[in-house]
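>>> Structure for this input, please:
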Amino acid sequence: MNKTIFSMITIGLLLLSCLIVMPASSEDTINTTSTENTLYVDDDFNESTPGWNVTHFNKIQDGVDHANNNDTVFVYSGNYKTVFIHSKSINLLGENKDSTIIKGNSGSNAVSLLSCSNTQVSSFQIEKGVDGVCIKGGTSNIISDNKLIQNDLSGLGIRSSNWNTVCNNYIVDNYNGITISDGAKNNSIFSNTISNNRKGGIGIAGGDDSNIFQNTIQNNKNGISISQWPPLYHSLRTNIYHNNFFDNQKNIYCGYFSISYTYIDNNYWGRPYFLPYIIYSFKLFGVIPLPSNIDWHPAKEPYNI
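Numbers count the residues shown, from 1 in each chain. Here you go, the predicted structure:
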């Protein structure tokens with residue numbers, strides 16, 4: 001009898017301990033550990049705004065500083081100053097790229113991503129910085145659906161950063177449209193309009209495995225320039241295909257050491273070509289043009305980009 005009572009007490013204690021340590025439910029656990037939040041920025045917000053300085057801010061930098069990884073900082077239309085994002089993975093989204101404006105100054109980039117990975121910057125007009133957007137270090141960032149205009153050095157600079165995506169941007173009236181340098185690798189540039197940049201549309205000087213496709217590249221001094229000076233830097237395996245080139249002073253310039261490392265095919269060169277399109281980058285004695293590369297299959301009509 002004593003053994004039976006003892007066994008019943010033991011089982012009761014075990015059941016009670018299970019109830020104490022058992023989590024409420026897997027769904028409750030997921031909800032309480034979620035870290036994805038949306039923070040809001042409007043240059044009209046002030047101390048009377050609900051959530052002021054917690055989830056609502058009037059400066060983009062304040063929203064970025066309060067954001068954790070995977071958070072979204074949503075910015076309403078307005079005028080804003082420079083933004084610096086360091087070692088974060090966030091989404092920085094503007095309300096409208098025509099009316100959500102980030103303006104740099106003569107000494108700084110308008111938007112800087114330093115050692116960021118999986119950060120997205122979308123739907124802004126970014127203007128009047130040294131670089132409009134500068135990505136340095138990090139990997140797998142997305143720059144999309146922006147207007148990058150009137151920046152002193154580049155609309156977008158990618159430096160020592162890999163696997164970034166640049167798409168659906170309007171990159172106009174900068175000194176350089178896009179610059180890829182300092183050992184940046186595996187960056188993809190597609191579906192952009194890159195025009196009226198004073199030096200060049202896209203410049204690669206020390207970047208490997210760049211993929212450039214389905215862009216409209218128009219009215220630049222050089223549409224695309226690729227250069228390398230071993231052992232200082234190299235630009236290997238650049239792939240250029242399915243782009244539209246219109247009215248550039250030189251559509252493509254390949255530096256001497258870059259010729260054999262550049263793949264060019266199926267581009268539209270301003271008019272239909274029924275024979276291979278020969279690219280000239282040099283002149284012998286400053287007079288005789290020398291071929292540097294060939295598009296063996298030029299497109300007969302422009303791409304709808």
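
>>> quick one: low-confidence parts of the stretch 151-300 of the chain?
Counting by pLDDT under 70, the ranges of the stretch 151-300 of the chain that qualify are 228-232, 256-260.

>>> repeat that with 80
Applying pLDDT under 80 to the stretch 151-300 of the chain flags the ranges 228-234, 255-261, 281-287, 289-290.

>>> all strands for the stretch 1-150 of the chain, in order.
All strands of the stretch 1-150 of the chain, identified by DSSP state E, counting those that start in this stretch, fall at 38-41, 56-57, 72-75, 78-80, 83-86, 91-94, 100-103, 111-114, 120-122, 125-127, 131-136, 142-144, 147-149.

>>> To what extent is the residue nearest to residue 77 when sequence neighbours are not counted buried, counted in neighbours?
Among residues not flanking residue 77 along the chain, residue 99 sits closest, at 3.9 Å (C-beta to C-beta, 6 or more residues apart in numbering). Every residue, glycine included, has its C-beta placed from N, CA and C. When counting by other C-beta atoms under 10 Å, one arrives at 14 neighbours for residue 99.

>>> my guess is residue 99 meets residue 75, correct?
No: using C-beta atoms under 8 Å, residue 99 is not in contact with residue 75, being 10.6 Å away.

>>> so what's residue 106 scoring on pLDDT?
On pLDDT, residue 106 comes in at 77.

>>> For residue 153, see how far away it is.
Separation of residue 106 from residue 153 (C-beta to C-beta, to the nearest Å): 11 Å.

>>> mind listing what the closest residue to residue 249 other than its chain neighbours touches?
Excluding the flanking residues, the one nearest residue 249 by C-beta to C-beta, 6+ apart is residue 221, at 5.0 Å. Listed by C-beta atoms under 8 Å, 6 or more residues apart in numbering, the contact set of residue 221 reads 197-200, 248-250.

>>> show me what contacts the residue nearest to residue 77?
Contact analysis of residue 99 by C-beta under 8 Å, 6+ apart lists 77-78, 125.

>>> Buried only: go through those for me.
Buried members of the contacts of residue 99, scored by 16 or more other C-beta atoms under 10 Å, are 78, 125.

>>> Adding pLDDT, write the contacts of residue 99 out as a markdown table.
Converted to a markdown table, these look like this (pLDDT from 0 to 100):
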| residue | pLDDT |
| --- | --- |
| 77 | 98 |
| 78 | 98 |
| 125 | 98 |
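
>>> what does stretch 273-281 contact?
For stretch 273-281, the external contacting residues (C-beta under 8 Å, 6+ apart) are 250-255, 259, 264, 267, 269, 289-298, 300.

>>> same thing with stretch 40-51?
Here stretch 40-51 has contacts from 52, 55-60, 62-63, 73-76, 78-80, using C-beta under 8 Å, 6+ apart.

>>> Now do the contacts for residue 112.
By C-beta under 8 Å, 6+ apart, residue 112 lies in contact with 82-85, 131, 133-134, 136.

>>> Please repeat the previous calculation with a cut-off of 7 Å.
With contact set as C-beta atoms under 7 Å, 6 or more residues apart in numbering, residue 112 has these partners: 84-85, 134.

>>> got it, and residue 180?
Contact partners of residue 180, counting by C-beta under 7 Å, 6+ apart, are 158, 187, 204, 207, 210.

>>> Now secondary structure, distance to residue 180 and neighbour count too, for these, in CSV please.
As requested, the contacts of residue 180 are arranged in CSV below (DSSP: H, G, I helix; E, B strand; the rest coil; distance: C-beta to C-beta, whole Å; neighbours: other C-beta atoms under 10 Å):
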residue, secondary structure, distance to residue 180, neighbour count
158, strand, 5, 29
187, coil, 6, 24
204, strand, 5, 30
207, strand, 4, 29
210, coil, 6, 25
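
>>> Switch those over to TSV; also include distance to residue 45.
Below are the contacts of residue 180 laid out as TSV (distance: C-beta to C-beta, whole Å):
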residue	distance to residue 45
158	33
187	36
204	41
207	40
210	40
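
>>> before we move on, the earlier item: neighbour count winner among residue 106 and residue 153?
Between residue 106 and residue 153, residue 153 has the larger neighbour count (other C-beta under 10 Å), namely 16 against 8.

>>> Let me know the pLDDT of the residue lying closest to the more buried one once chain neighbours are set aside.
Nearest in space to residue 153, with sequence neighbours left out and distances taken as C-beta to C-beta, 6+ apart, is residue 130 at 5.0 Å. pLDDT for residue 130: 97.
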